[in-house]
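**Q** fold the following, please.
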Amino acid sequence: MDKVVASSQPQSAYFLDMSKKEVETHTLAVVADNEPGVLARVIGLFAGRGYNIDSLTVSETIHEKHVSRFTIVTTGTPKVLTQIKHQLERMVPVHSVADLTVQGNSIARELAMVKVAGTGEKRMEALRLADAFRARVIDASTESFIFEITGKPDKVDQFISLMVPIGLVEVARTGVAGISRGAEGMRV
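**A** This is a model prediction of the structure:
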């Protein structure tokens with residue numbers, strides 16, 4: 001006879017074991033009107049349902065029409081990701097939503113500024129690694145560098161992790177910007 005053990009963990013969506021489900025990371029491109037409150041509404045959609053935003057990049061892209069493009073990187077099960085996409089599509093100021101991960105034929109890049117302090121051999125090693133990663137020196141003093149690196153998020157992550165033992169001081173990242181390949185664009 002098996003013993004039944006009562007769980008002391010609360011029964012809430014926040015405590016569900018996500019390791020048993022297919023958790024995926026997707027990049028969504030959203031075109032919306034550039035007007036007050038739209039960013040807050042998009043963020044509120046995620047926060048109100050307990051979804052996380054791993055990366056968020058937004059800027060006005062068509063100035064004449066006052067239209068902005070959001071690039072949102074989020075993680076969830078396929079069902080949750082579908083819900084997010086449908087809820088974004090139903091928002092009034094949103095013109096279109098594209099799941100760049102599902103489309104498959106897209107490019108994602110991120111920019112980071114990485115400050116590294118060091119002298120002597122550590123300084124030389126920082127310069128060698130920056131050259132290998134095609135990072136540019138955008139500021140330098142006798143005790144530190146600020147590098148600019150652009151690329152896929154995993155490339156930026158790798159560069160940052162290599163700078164930790166050399167003397168990483170600070171990192172500023174833009175978040176992911178993504179766009180689909182080909183001649184067609186998103187609906188405005």
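
**Q** when you work out contacts or count neighbours from here on, use the C-alpha atoms and nothing else.
**A** Fine.

**Q** helices or strands up against the strand ranked longest in the chain?
**A** Taking DSSP state E as the criterion, the chain has its longest strand at strand 106-117. Applying 3 or more Cα pairs under 8 Å, 6 or more residues apart in numbering; DSSP states H and E, we find strand 106-117 packed against strand 144-151, helix 153-167, strand 168-173, strand 177-180.

**Q** export the longest one as CSV, just CAs?
**A** Read that as helix 153-167. The C-alpha trace of helix 153-167 is given here as CSV (Å, rounded to 0.1, in the frame of the first residue of the first chain):
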residue,chain,number,x,y,z
PRO,A,153,22.3,37.4,-27.7
ASP,A,154,24.3,34.2,-27.0
LYS,A,155,27.5,35.8,-28.5
VAL,A,156,27.0,38.9,-26.2
ASP,A,157,26.5,36.5,-23.2
GLN,A,158,29.7,34.7,-24.0
PHE,A,159,31.7,37.9,-24.4
ILE,A,160,30.4,39.2,-21.1
SER,A,161,31.2,35.9,-19.3
LEU,A,162,34.8,36.0,-20.6
MET,A,163,35.2,39.5,-19.3
VAL,A,164,34.2,38.6,-15.7
PRO,A,165,37.6,37.2,-14.6
ILE,A,166,39.4,40.0,-16.5
GLY,A,167,37.7,42.8,-14.6
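
**Q** contacts for that helix?
**A** By Cα atoms under 8 Å, 6 or more residues apart in numbering, the residues outside helix 153-167 that reach it are 108-112, 114, 116-118, 122-123, 125-126, 129-130, 133, 149-150, 168, 176.

**Q** could I get the full set of helices for this protein?
**A** 38-48, 78-89, 100-103, 121-132, 153-167 (DSSP state H).
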